[in-house]
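In: sequence first, then the predicted structure:
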Protein chains: 2
Amino acid sequence: MPNTKLALISGGGALPVEIARYLKQTGRPYTVIRIDGLSDAELNDHPGHTLGLGDFPRLFEILATEQCKAVTMCGYVQRPDFDTMQKDQALQSIQSAGRGGDDSLLRQVAKVIASQGYHIEGAHEANPDLLIGCGLQAGPDPSPEAMEDAQEAMRVAAAIGALDIGQAVVVAGRITLGVEAQEGTQALLGRIHTLNPALRGTLANRKGVLAKLAKPIQDLRLDMPTIGVQTVEDAAAAGLCGIVAKAQALLIVNKPAVYARAAEMGVFIYGHDYH
Amino acid sequence: MPNTKLALISGGGALPVEIARYLKQTGRPYTVIRIDGLSDAELNDHPGHTLGLGDFPRLFEILATEQCKAVTMCGYVQRPDFDTMQKDQALQSIQSAGRGGDDSLLRQVAKVIASQGYHIEGAHEANPDLLIGCGLQAGPDPSPEAMEDAQEAMRVAAAIGALDIGQAVVVAGRITLGVEAQEGTQALLGRIHTLNPALRGTLANRKGVLAKLAKPIQDLRLDMPTIGVQTVEDAAAAGLCGIVAKAQALLIVNKPAVYARAAEMGVFIYGHDYH
């Protein structure tokens, strides 16, 4: 619904900033809802409001006053410490979902917002420029060996996702070097250089691929796999050849910078037609 | 075949030492084949020979001279750098299997030895005292929550193993916190404390379980999951309640010390009748 007014609930990081810029450039009506202490300072220059994490009464007041019809939630939010928060009914139902992990927490927040009649819109809907395309996007042409690793990495990532474990894996020489669970992609990439040198690549002699793929349980409107410049640098430092994701199912924060850095560091970025 | 003469091919670590002691105590005829630069110094006090990693001509000479019928391979061996080794035919066939990872490398070595008429015996057959039993082995009684995590950890470990990824996982509050691939169990446990405190336990307030389970592709005679005192200490430092494994399918190196340390640190060790 590109012409309805959008409320952009903004956690930390550059993703909300890129969406706000896009909304401003394309002339879509919007308001930014900054989460206190989390949102990037640049968002203060956009029309909006600042509120505390979990302050649902205030959130619904703003959504009504601003006459928003659609809501996008994005950016980094640390799992809240419920013990220190003042709890209304909405927050209590969210807390009770917390046991199932961050995914179910986020889904519960979306459910509460949707139950008030708001349309939940994904970051990729609010700013389609963020999505990865199909085929080679940046960096050198993958070798046949790298494409084999990419295929295997996508297969393992799909299996890991189906187990609700995580969304990233590293495969080199068709061996799974590492699997992401709760530690995140940066920590996964950061430990590759500690592995047996016979199994992995180096900055000078690359080997292996990072795959990022959403878990089936993930709602892509809430939490799509994301990479940025840091991911490219970490992948290069891990000795990898490239990064692969499902086409149209990966957000790339600051895409021009990511693609430039990928070309510079010799890391390919590839949108796979995996299914 | 407990009365046939056994050749104990000994890599690094305490496991070969415990087997050699057991063979000596029980009076079974044996010879230790020490791998140069790897085997524990205590093995020098046992009857045996020392040879270089990958020296198959010498190995078969010794096996024939000593009239061994059975061979056990155990202990830590670093993946060899084939480029620097003098290659005979046996070693060449082993190198060609190397692409499939450490498991297939080890299986290929066993195949070469078995092809000469020797019976491959597992460490747990050479010394059955090393095996974990069924039910609670050491430490405090698991809580119902911990048993739920143990069950889930075994389920995830089985799935990870079926994908040929690894043999260890950590589950807490039914969320998979970490999965072992090529980095090993110590690195897996070592990163748990870096995770979001809301998801994990602490030394004072334990939560979660480590499961170790062989991959279906693993030959338990060659490479059974193993824990030692360090594993118990690492599990405690990771804030875990306990360690679970399939009953009769985990080797415990220095079992009395492991069980004493588990009791002391409040980490349960449990043999699960998983199937």
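Out: Done, it's in. Bear in mind that the values here come from a model prediction, so they are computed numbers and not experimental data. Residues are numbered from 1 along each chain as shown, chains lettered A, B, ... in the order given.

In: so what's residue A:173 up against?
Out: A:145, A:149, A:199, A:207, A:208, B:99 (CB atoms under 8 Å, 6 or more residues apart in numbering or on different chains). From N, CA and C alone the C-beta is placed, and that goes for glycine too.

In: what's the distance between the first one and chain B?
Out: Residue A:145 is 11 Å from chain B, where distance means CB to the nearest CB, to the nearest Å.

In: could you check how far that residue is from residue A:213?
Out: 20 Å (CB to CB, to the nearest Å).

In: more neighbours: these two, which one.
Out: residue A:213 (27 against 15; other CB atoms under 10 Å in any protein chain shown).

In: my read: the more buried one touches residue A:220, true?
Out: No - here residue A:213 lies out of contact with residue A:220, judged by CB atoms under 8 Å, at a distance of 11.2 Å.

In: what about the residue of chain A positioned farthest from its centre, is that helix, strand or coil?
Out: The C-alpha centroid of chain A is most remote from residue A:198, which lies 32.0 Å away (CA atoms, centre = their mean). In three-state terms, and counting by DSSP: H, G, I helix; E, B strand; the rest coil, residue A:198 is coil.

In: next helix or strand past the worst-scoring helix or strand of chain A on mean pLDDT?
Out: Every helix and strand of chain A was ranked by mean pLDDT, DSSP states H and E. The lowest is helix A:89-97, at a mean of 65. Scanning forward in sequence from helix A:89-97 by DSSP states H and E, the next helix or strand is helix A:102-114.

In: which residues do residue A:213 and residue A:220 both contact?
Out: By CB under 8 Å, 6+ apart, the residues touching both residue A:213 and residue A:220 are residue A:249.

In: test my guess that residue A:52 contacts residue A:36.
Out: Yes - with contact defined as CB under 8 Å, residue A:52 counts as touching residue A:36 (5.0 Å).

In: got any residues that touch both of the two?
Out: With CB under 8 Å, 6+ apart, residue A:52 and residue A:36 have no common neighbours.

In: give me the mean pLDDT for the longest helix along chain A.
Out: Identified as the longest helix of chain A according to DSSP state H is helix A:144-162. For helix A:144-162, the mean per-residue pLDDT is 97.

In: same question, stretch A:241-261
Out: Per-residue scores along stretch A:241-261 average to 97.

In: give me the distance from it to the chain's centre.
Out: 11 Å (CA atoms, centre = their mean, to the nearest Å).

In: tell me the buried residues in that stretch?
Out: A:241-247, A:249-255, A:258-259, A:261 (16 or more other CB atoms under 10 Å in any protein chain shown).

In: which ones among those residues lie within helices?
Out: Counting by DSSP H, these contribute A:255, A:258, A:259, A:261 to helices.

In: which residues of the stretch 151-275 of chain A lie near chain B?
Out: With CB under 8 Å from any CB of the partner chain as the criterion, the stretch 151-275 of chain A comes near chain B at residues A:156, A:159-160, A:163-166, A:169-170, A:173-179, A:181-183, A:187, A:191, A:194-196, A:198-199.

In: tell me which of those fall in strands.
Out: A:169, A:170, A:175, A:176, A:177, A:178, A:179 (DSSP state E).

In: and the residues you listed as TSV, adding pLDDT and neighbour count?
Out: As requested, those are exported to TSV (pLDDT from 0 to 100; neighbours: other CB atoms under 10 Å in any protein chain shown):
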residue	pLDDT	neighbour count
A:169	98	32
A:170	98	31
A:175	96	23
A:176	97	26
A:177	98	29
A:178	98	31
A:179	98	30
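
In: between the residues you listed, which is nearest residue B:59?
Out: residue A:175 (27.2 Å; CB to CB).

In: which residues does the closest one bridge with?
Out: residue A:172 (DSSP bridges).

In: that one contacts residue B:182, doesn't it?
Out: Yes - in terms of CB under 8 Å, residue A:175 counts as a neighbour of residue B:182; the distance is 7.0 Å.

In: find residues that contact each of those two.
Out: residue A:199.

In: what number of residues lie near residue A:41?
Out: Residue A:41, neighbours per other CB under 10 Å, totals 8.

In: am I right that residue A:204 is in a helix?
Out: No - under three-state DSSP, residue A:204 sits outside any helix and is assigned coil.

In: distance-wise, check it relative to residue A:270.
Out: 22 Å.

In: more neighbours, these two?
Out: residue A:270 (25 against 6).

In: what's the distance between that one and residue A:211?
Out: 10 Å.

In: and for residue A:137, nearest residue in space, chain neighbours not counted?
Out: Nearest residue to residue A:137, sequence neighbours excluded (CB to CB, 6 or more residues apart in numbering or on different chains): residue A:269, at 4.4 Å.

In: surely that neighbour is in contact with residue A:255?
Out: No - here residue A:269 does not reach residue A:255: they are 9.6 Å apart, not a contact under CB under 8 Å.

In: okay, now residue A:114: neighbour count?
Out: The burial count for residue A:114: 12, using other CB under 10 Å.

In: quick one, what contacts it?
Out: residue A:120.

In: please, where are all the helices along the stretch 1-150 of chain A?
Out: Remark: helices assigned in the stretch 1-150 of chain A by DSSP state H, counting those that start in this stretch are A:15-26, A:56-65, A:89-97, A:102-114, A:123-126, A:144-162.

In: want to try a markdown table for the ones you listed, with distance to residue B:233 as columns?
Out: Shown next, in a markdown table, are the helices of the stretch 1-150 of chain A (distance: least, CB to CB, whole Å):
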| stretch | distance to residue B:233 |
| --- | --- |
| helix A:15-26 | 40 |
| helix A:56-65 | 44 |
| helix A:89-97 | 34 |
| helix A:102-114 | 29 |
| helix A:123-126 | 43 |
| helix A:144-162 | 29 |
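
In: and of the ones in helices among the buried residues of stretch A:241-261, the nearest to residue B:141?
Out: For these, the nearest to residue B:141 is residue A:258 (51.7 Å; CB to CB).

In: before I go, just wanted to say thanks for your time.
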